[in-house]
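K.L.:
With the input below, show me the fold.
(2 chains)
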Amino acid sequence: MTRWLIAPVLLPLFTAVLLIFMAERGFAGGGRRAQRAVSILCALALVAVAAVLLKQSIHGSHQVYHLGNWEAPYGIVLVLDRLSAMMVALTSLIALVSVIYASRGTDSESHYFHPMFQLQLVGLMGAFLTGDLFNLFVFFEILLIASYCLLVYGGTGPRVRAGVHYVVINLVGSALFLIAIGTLYGVTGTLNMADLSVRVAELGPSDAGLVRAGALLLLVVFGVKAALFPLYFWLPNTYAAANPAVAALFAIMTKVGVYCIVRIYTLVFGPDAGVAAMVAEPWLMPAAIGTLVLGAIGAFASRRLRRMQGYLLISSTGTMLASIGVFTAAALGAGLYYLVHSTIAIAAMFLLVDLIARQRGLGDDRLERSLAPAQPALLGLLFFAGAIAIAGVPPLSGFIGKGLILAAAPAVPSGWWLWGTLLGGSLISLVALARAGSMVFWNTFDSSAGDDPFSRDVPVIAPAPHPAGSVFPVFMLLGMLVVLTVFAGPISEFTKQTAEQLLAPEQYIRAVLGDGVGR
Amino acid sequence: MEALMAGAIGVLTACAVYLLLRSRTYPVILGVMMLSYAVNLFLLASGRISVTTPPVIVEGAQSYADPLPQALVLTAIVIGFGMAAFMIVLALRAQIGLGTDHVDGKEPAE
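P.N.:
Alright, predicted model coming up:
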């Protein structure tokens, strides 16, 4: 049954190739519709595969797929455990929703939107499944180059400018990643994560400096991907400039960084890692709390809705990383539950803000007095629901996630800092969202009364009603949040078991290297 | 040999960091490329530096060089090359679209 493991990587890869050929043939005679259909079908199939994998992982056994049948640690392995399965499932759901949204019109800027979108999925799925550090780098590059193309395609000034910044910072991040890989390989002589875990634990004090440097350099690299303080400056502009469907997918891209931090610092540099034991612990919590606070302040200070969502994403990343930084099963599980929640909630907000901005005509996403959206009641209610989810107010799952984090945080002394900053940050986010919502939906010009400033000197761009069905993906995401709330018991139990599995890396090592190896 | 290698990596990295902090896209691209050269040398050195030792099994060889870093460097070179090409095109696109090659997308006020 381990053959299913490679499916999340291969399926989008072959689909991408097929879609490129379809794009080459041009779009006369319904070609675009066919391309959309293939892309959506692939996303649906991915959801099905992810469900199969999730079901297989739920009993807690590890599955290992040896690429080319090379034995670990010489060959590259893909490993499925609860965390990988959870991330693959989350990615496939977000991908499905994004591609449906994009198929309602925003993909028309380029023939190559769908191929690039699928290639991005290849990189994401591969990064979540691989058990090899260098292979992780390769999948990072795949997802990055696809994301560069997705970000700048069909772009004008601001989008290309944001693209340049994004590409440069990620290229520097890749260079640092390679230096970290080289350092760790030079010290341990292996790149397989399970083998690395065994070898790092055996290192003597003479290698302590090098291996710790390599480990912390990895934290910097993953911090860039996850937009951790102080490495988050690239994110708000980039996500604000991106196509909305792409931004929704990018919501999962920062989680790649979070996933790698969880994976590496529980498996390789966990409490049993000898000279490099818990090397990230002193840094992760303060950096995460800084991210949380600055993200909330940034959201409060934003003058545009899209940038505000970017800052809220940063703040939520800080929240989950602070919880993960406690490194107990309860806190790690709470952080993972919050990860699922916040990814879905932020993706919903990115799509929703795009709908709002397009309906406001010239007002776009500026937080200024402007025309009301064409469907104020519908979008207003959706915005209200999304804001509740993100700010963590009952009854939606954000409240449950934050509650779990608060309950688990006091396990370490710095947990009380998390109490203060998390509650304070949530309050600031709530105020920011309330202010934005009332500005957009209530502080509006009445165009029938003739006090529309645009009608005099500027040609009015009629607020474009969105294509039919654009709201549907937002409903899907909010529906997922409702499911996450209703089934909070079983789901949080699953994330807690995931955390327990992560904190007992011996099973992972045995699954990859065979029974004879242990530490 | 070690000193030469370390010096080359250090000088390349220092130049790369300087260039990366410039305000025009062209020096920034040069900086990124130079950083990738430094990284490639570093990766190669992570398999220990040796001269005239074969990386694959040869009859009569006394010792072997580690072949894995050489394979890693090859991968890193290919990826780095592709990224550099993409970056150059993107920078050209930005300059044509924005009318300036300043990294902020607008000329600084005098």
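K.L.:
top helix in chain B by residue count?
P.N.:
helix B:67-98 (DSSP state H).
K.L.:
For it, the averaged confidence score.
P.N.:
For helix B:67-98, mean pLDDT is 88.
K.L.:
And stretch A:34-50, by the same measure?
P.N.:
Here stretch A:34-50 scores 92 as its mean pLDDT.
K.L.:
what about A:Pro271, neighbour count?
P.N.:
Using other Cβ atoms under 10 Å in any protein chain shown, the number of residues around A:Pro271 comes to 11. Quick note: C-beta positions are derived from backbone N, CA and C, even for glycine.
K.L.:
Report the separation between it and A:Glu281.
P.N.:
Using Cβ to Cβ, to the nearest Å, A:Pro271 is found at 9 Å from A:Glu281.
K.L.:
Touching both of the two, which residues are there?
P.N.:
A:Phe327 (Cβ atoms under 8 Å, 6 or more residues apart in numbering or on different chains).
K.L.:
neighbouring contacts of the strand or helix carrying A:Tyr508?
P.N.:
A:Tyr508 is located in helix A:506-513, with elements delineated by DSSP states H and E. Where contact means Cβ under 8 Å, 6+ apart, the residues beyond helix A:506-513 that reach it are A:61-64, A:72-73, A:77, A:79, A:81, A:131, A:192-195, A:197-198, A:267, A:501, A:517-519.
K.L.:
mind listing what's buried in that helix?
P.N.:
Buried residues in helix A:506-513, counted by 16 or more other Cβ atoms under 10 Å in any protein chain shown: A:508-509, A:511-513.
K.L.:
Can you mark which positions in the helix or strand containing A:Ile388 are buried?
P.N.:
Assigned by DSSP H and E, A:Ile388 belongs to helix A:376-391. Buried residues in helix A:376-391, defined by neighbour count with 16+ other Cβ under 10 Å: A:376, A:379-380, A:382-383, A:385-391.
K.L.:
For it, which outside residues touch it?
P.N.:
Under Cβ under 8 Å, 6+ apart, the answer for helix A:376-391 is A:312, A:316, A:341-342, A:345-346, A:348-349, A:352, A:355-356, A:359, A:373, A:395-398, A:426, A:429-430, A:433-434, A:437, A:440-441, A:444, A:471, A:474-475, A:478, A:481.
K.L.:
What average pLDDT does it get?
P.N.:
88.
K.L.:
could you point out which element follows that helix?
P.N.:
Following helix A:376-391 toward the C-terminus (DSSP H and E): helix A:397-408.
K.L.:
From the contact counts, what lies against that next one?
P.N.:
In terms of contacts (3 or more Cβ pairs under 8 Å, 6 or more residues apart in numbering or on different chains; DSSP states H and E), helix A:397-408 is packed against helix A:305-324, helix A:329-359, helix A:376-391, helix A:415-441, helix A:471-486, helix A:488-502.
K.L.:
Looking at the ones you listed, spot the one closest to A:Leu19.
P.N.:
helix A:471-486 (19.9 Å; Cβ to Cβ).
K.L.:
tell me the angle of the closest one relative to helix A:397-408?
P.N.:
With axes from the mean of the first three to the mean of the last three Cα atoms, to 10 degrees as the basis, helix A:471-486 and helix A:397-408 are set at 30 degrees to each other.
K.L.:
what mean pLDDT does helix A:471-486 have?
P.N.:
Mean predicted confidence for helix A:471-486 is 90.
K.L.:
packing partners for it?
P.N.:
helix A:82-102, helix A:329-359, helix A:376-391, helix A:397-408.
K.L.:
Alpha carbons of that helix, as CSV, please.
P.N.:
Below are the C-alpha coordinates for helix A:471-486, written out as CSV (Å, rounded to 0.1, in the frame of the first residue of the first chain):
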residue,chain,number,x,y,z
VAL,A,471,-18.7,33.1,-3.6
PHE,A,472,-18.9,29.3,-3.6
PRO,A,473,-15.2,28.7,-2.8
VAL,A,474,-15.5,31.1,0.2
PHE,A,475,-18.5,29.1,1.4
MET,A,476,-16.5,25.9,1.0
LEU,A,477,-13.7,27.3,3.2
LEU,A,478,-16.1,28.6,5.9
GLY,A,479,-17.8,25.3,5.8
MET,A,480,-14.5,23.6,6.5
LEU,A,481,-14.2,25.9,9.5
VAL,A,482,-17.6,24.9,10.8
VAL,A,483,-16.6,21.2,10.4
LEU,A,484,-13.4,22.0,12.3
THR,A,485,-15.5,23.5,15.1
VAL,A,486,-18.2,20.8,15.3
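K.L.:
ok and it relative to helix A:329-359, angle-wise?
P.N.:
160 degrees.
K.L.:
tell me the SS of B:Pro108?
P.N.:
coil (DSSP: H, G, I helix; E, B strand; the rest coil).
K.L.:
show me what contacts the residue nearest to it when sequence neighbours are not counted?
P.N.:
Once flanking residues are discounted, B:Pro108 sits nearest to B:His102: 6.9 Å by Cβ to Cβ, 6 or more residues apart in numbering or on different chains. Taking Cβ under 8 Å, 6+ apart as the contact definition, B:His102 lies against B:23-25, B:108.
K.L.:
relative to helix A:471-486, how tilted is the helix holding A:Ile388?
P.N.:
Here the directions of helix A:376-391 and helix A:471-486 differ by 40 degrees (the same axes, to 10 degrees).
K.L.:
Show the contacting residues for the most centrally placed residue in chain B.
P.N.:
For chain B, B:Ser36 is the residue whose C-alpha lies nearest the centre (Cα atoms, centre = their mean; 1.4 Å). Contact analysis of B:Ser36 by Cβ under 8 Å, 6+ apart lists A:171, A:175, B:76-77, B:80, B:83-84.
K.L.:
Of these, just the buried ones, PyMOL syntax please.
P.N.:
The buried subset of the contacts of B:Ser36, as determined by 16+ other Cβ under 10 Å, is captured in PyMOL by this line:
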select buried, (chain A and resi 171+175) or (chain B and resi 76+80+83+84)
